[in-house]
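J.: Predicted coordinates and the sequence they were generated for:
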Amino acid sequence: MYLVLYMDRVNIGTAAGAIQSDLKLSNTELGLVFSAFAYPYALIQLFGGWAGDRFGPRVTLAICGCIFSVATLLIGFADSLIGLVACRVLLGFGEAPALPTATRAIASWTPPAQWGMAQGLTHAAARVGNALTPPLIALLIGWFSWRGSFFFVATISLAWVITWVAYFRDDPAKHSGTTAEDLRLLPLSGERQKRKKVPVARLLRRILPVTLVDFCYAWTLWVYLNWLPSFFLKSYGLDLKQSALFAGGILCAGIVGDTLGGIWSDRILHRTGNLLKARSYLIAGGLIGSLICLLPVLFLKDIHVVAVALTLAFFCMELVIGPLWSVPMDIAPQYSGTASGFMNFGFAIAGIVSPLAFGFVIDRTGDWHLPFAMSIALLFVGALLTLFMRPDRPFQDDEETVLSPPVEASAAKL
């Protein structure tokens, strides 16, 4: 599902040149098309995860899958800026509850000691989608057209929906492949069928620092997902296939980064028992490493040096994703869908602002390297904000929420 979701999201980045030429769009208008996905995506984050907690992942994701599959299909028929924006809005509406609801499924089906790895592997599949999509869409455009490429991806999406409904069960105890030993290891076995009222306001305040870190991370991710093919196409004069190959190669680094980040996070937790080190400090290190690697993009113009810098920066940034998506489960496993939805709200807001800012800066300056300076600044801010996430403080239904950096707690552990 993660692979399919990101194919549906980033296919427009590769097709952007053909769409822009066909529909006579400016870079600012193209940025509006990119960001249109994120408006409903942001709004629905606030209750999309709640739907997964309330109605279960099986039904929620089946409905979501039908919506984003139809939206992808309709993009292939769009013949105007308004039509493209409308289809992207529908796509955002369908995909919005998906990742928080999937997090709820992971929390139900995976032992807590493997949450980082589970999040890392699923998001690595998303990066497989990121890496495969540019060359695949470029190939399909060459064979058919940019419209035909969307029809193809929509068919894959519908196939996933059918498979999901047939195979998945919300309660592991009701799946024929689950053993008694499996159930003993799972964290929510005694609460799986209980439906609790979610303390929305207090949970939102508790997750807010995680939301802000996710925003800082996602700003740069959206730059990669939406603009990377166009960056090589326009800044270095490559053709569509060459720019897609460059973009796909760079995005492959995310597959490795996502996987290793989740595995390292779980290993640190196993060895130290310290959630601050396993989650917060690893996230901060990944963000700082990414901003350092992005610096050459601002000052050097050689395409090979820039490509290597972008690849290393993306790898470091993707080390963040496994531990970051584990934090809502660490804080509130009983409300993991809602909590991760609150966190992913930051991702969605970045998806609105980042593409528009990138397109605006390019239209005004013509410099395709300059927007990366904003990414560097936000990566630094995100690293600082990790001090306030506190995955080591579980959320309790009757707790008083206190947001403070982990100075005293870290000193006590040391």
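T.: Thanks, I have the structure now. Residues are numbered from 1 along each chain as shown.
J.: isn't Leu99 right next to Ser340, touching?
T.: Yes. Look at Leu99 against Ser340 with Cβ atoms under 8 Å: they come within range, at 6.9 Å. C-betas here are computed from N, CA, C, even on glycine.
J.: got any residues that touch both of those two?
T.: Trp325 (Cβ atoms under 8 Å, 6 or more residues apart in numbering).
J.: Those two - which one has more neighbours?
T.: Ranked by neighbour count (other Cβ atoms under 10 Å), Leu99 and Ser340 place Ser340 first, with 35 against 29.
J.: mind listing what the more buried one touches?
T.: 49, 99-100, 103-104, 325, 328-329.
J.: switch the cut-off to 7 Å
T.: The contact partners of Ser340, by Cβ atoms under 7 Å, 6 or more residues apart in numbering, come to 49, 99-100, 103, 325, 328.
J.: His123 now?
T.: 2, 258, 321-322, 325.
J.: how about a cut-off of 10 Å?
T.: 2, 6, 99, 254-255, 257-259, 261-262, 318, 320-322, 324-325 (Cβ atoms under 10 Å, 6 or more residues apart in numbering).
J.: what about the helix or strand encompassing it, average pLDDT?
T.: Per DSSP states H and E, His123 falls inside helix 115-143. Averaging pLDDT along helix 115-143 yields 84.
J.: so of the contacts of His123, which ones are in strands?
T.: Residues of the contacts of His123 located in strands (DSSP state E): none.
J.: Of the contacts of Ser340, which belong to helices?
T.: Using DSSP state H, 49, 99-100, 103, 325, 328 are the members of the contacts of Ser340 that sit in helices.
J.: Between the contacts of His123, which sits nearest Gln114?
T.: Distances from Gln114 to the contacts of His123, taken as Cβ to Cβ, are shortest for Gly262 (8.8 Å).
J.: quick one: that closest one and Thr110 touch, right?
T.: No. Gly262 is beyond contact range of Thr110, at 11.1 Å (criterion: Cβ atoms under 10 Å).
J.: Now do the shared contacts for the two.
T.: The contact lists of Gly262 and Thr110 share 116-119, where a contact means Cβ under 10 Å, 6+ apart.
J.: Most neighbours among the residues you listed, which one?
T.: Top of these by neighbour count (other Cβ under 10 Å): Gly116, with 32 neighbours.
J.: Quick check: that residue vs Gly17, distance?
T.: 38 Å (Cβ to Cβ, to the nearest Å).
J.: Any regions of the chain where pLDDT drops low?
T.: 187-196, 240, 244, 397-414 (pLDDT under 70).
J.: which helix of it spans the most residues?
T.: Max-length helix for the chain by DSSP H is helix 200-235.
J.: Just want the angle from that one to helix 115-143.
T.: 40 degrees (axes from the mean of the first three to the mean of the last three Cα atoms, to 10 degrees).
J.: if we can go back for a sec, as TSV, the ones in helices among the contacts of Ser340 with distance to Phe358 would be great.
T.: Output for those, formatted as TSV (distance: Cβ to Cβ, whole Å):
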residue	distance to Phe358
Gly49	28
Leu99	23
Pro100	26
Thr103	28
Trp325	25
Pro328	28
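J.: And these, which two are furthest apart?
T.: Pairwise over the ones in helices among the contacts of Ser340, using Cβ to Cβ, the maximum falls at Gly49 and Trp325, 11.9 Å.
J.: Now list whatever residues contact both of those two.
T.: By Cβ under 10 Å, 6+ apart, the residues touching both Gly49 and Trp325 are 99-100, 102-103, 336, 340, 343-344.
J.: now Cys293: how far from Val308?
T.: On the measure of Cβ to Cβ, Cys293 and Val308 end up 9 Å apart.
J.: For those two, work out which one has more neighbours and name it.
T.: Cys293 (21 against 14).
J.: Quick one: list the elements packing against the helix or strand hosting the more buried one.
T.: Cys293 is located in helix 282-299, with elements delineated by DSSP H and E. The contact analysis (3 or more Cβ pairs under 10 Å, 6 or more residues apart in numbering; DSSP states H and E) places helix 282-299 against helix 200-235, helix 240-272, helix 303-318, helix 321-331, helix 371-385.
J.: Name the stretch among the ones you listed that sits most buried.
T.: helix 321-331 (a mean of 30; mean count of other Cβ atoms under 10 Å).
J.: C-terminal to that helix, which secondary structure element comes first?
T.: helix 336-365.
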